[in-house]
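1. below are the sequence and a predicted model for it; my questions follow.
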Amino acid sequence: MPFGHDMVYSLATVVELVNTSPSTGGDDGLADLAELQSFVESRQVSGIGTLTPRDLGQVRMVREAFHRVFTASDLPTAVRLLNALLSETRITPRLTEHDGHPLHVHYFAPDATLAEHLAADCGVALSHLLVDGEWERLRTCSAPDCDKVFVDESRNRSRVYCDSRTCGNRMHVAAYRARRRA
Ligand SMILES: [Zn+2]
Ligand SMILES: [Zn+2]
């Protein structure tokens, strides 16, 4: 995909965020503040102060809004849902260099909460994806017991599993066993 590093990073962040949702199968990956804190650290979300239960509630809401964008039945629906999310988010483009990262653009307001930070940066990344005609790359895993989302970065948009080592491998083994039985 011809996307810059920041955008790829923000897309990976939104995928990881959505996949903590119990609606993608499994337990809530953001069950408490400690889990929210480790999410922030693993995604290196910058400029975040002390997290509160309020942050947890807001992030979970943003997470579900992003999940709806991933699972939208068509492009116009995805556009409408993303516009709704963006319209509730303060967006302030700002060039920055921090923590040794090269010059890049932040979209969240300087005093943004964690939820606003994620909504702004991930929302803008998704909007570029849609504008570039790449909406179909927003996918949900095809394994029957997995609803995790992913961004298909393959050249021919052929990826169907959230993770080739887990779901992909599992489904290949199942198909192999089914063939042997036949
Ligand atoms: Zn940054
Ligand atoms: Zn999967």
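-> Done, it's in. Ligands and ions are numbered 1, 2, ... in the order given.
2. from here on, just use CA atoms for contacts and neighbour counts.
-> Will do.
3. interface residues of the protein facing ligand 2?
-> 141, 146, 162, 167 (CA under 5 Å from the ion).
4. go again using 6 Å as the cut-off
-> Residues of the chain lying near ligand 2 by CA under 6 Å from the ion: 141, 143, 146, 148, 161-163, 167.
5. now a PyMOL select for only the buried ones of the residues you listed.
-> With 16 or more other CA atoms under 10 Å as the burial test, the buried ones among the residues of the chain next to ligand 2 are selected in PyMOL as follows:
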select buried, resi 141+146+148+161+162+167
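6. now, which of the residues of the chain next to ligand 2 lie within strands?
-> Among the residues of the chain next to ligand 2, the subset assigned to strands under DSSP state E is empty.
7. what's the lowest-pLDDT member of the residues of the chain next to ligand 2?
-> Lowest in pLDDT among those is Asp163, which has 87.
8. can you pull the contacts of it?
-> Taking CA atoms under 8 Å, 6 or more residues apart in numbering, we find Asp163 in contact with no residue.
9. Ala125 now?
-> 7-8, 10-11 are the contacts of Ala125 under CA under 8 Å, 6+ apart.
10. re earlier: out of the residues of the chain next to ligand 2, which comes closest to Ser87?
-> Of all the residues of the chain next to ligand 2, Ser87 sits closest to Lys148, with 26.1 Å by CA to CA.
11. list the contacts of the nearest residue to the closest one once chain neighbours are set aside.
-> Nearest residue to Lys148, sequence neighbours excluded (CA to CA, 6 or more residues apart in numbering): Thr24, at 4.9 Å. When contacts are counted by CA under 8 Å, 6+ apart, Thr24 touches 18, 146-149.
12. tell me which helix or strand of this protein sits lowest on mean pLDDT?
-> helix 169-181 (a mean of 81; mean pLDDT, DSSP states H and E).
13. what does it rub up against?
-> Residues contacting helix 169-181 (CA under 8 Å, 6+ apart): Ala143.
14. let's go with 10 Å and repeat that
-> Outside helix 169-181, the residues that touch it by CA atoms under 10 Å, 6 or more residues apart in numbering are 142-144, 161, 163-164, 167-168.
15. which one of the residues of the chain next to ligand 2 sits closest to Leu33?
-> Lys148 (22.1 Å).
16. any idea how far that closest one lies from Asp163?
-> 9 Å (CA to CA, to the nearest Å).
17. also Leu75?
-> Taking CA to CA, one finds Leu75 at 24 Å from Asp163.
18. which neighbours do Lys148 and Asp163 share?
-> Cys141.
19. so which elements touch the helix or strand Thr13 falls within?
-> Assigned by DSSP states H and E, Thr13 falls within helix 5-18. Helices and strands touching helix 5-18, as assessed by 3 or more CA pairs under 10 Å, 6 or more residues apart in numbering; DSSP states H and E, comprise helix 33-42, helix 53-70, strand 104-108, helix 114-131, strand 149-151.
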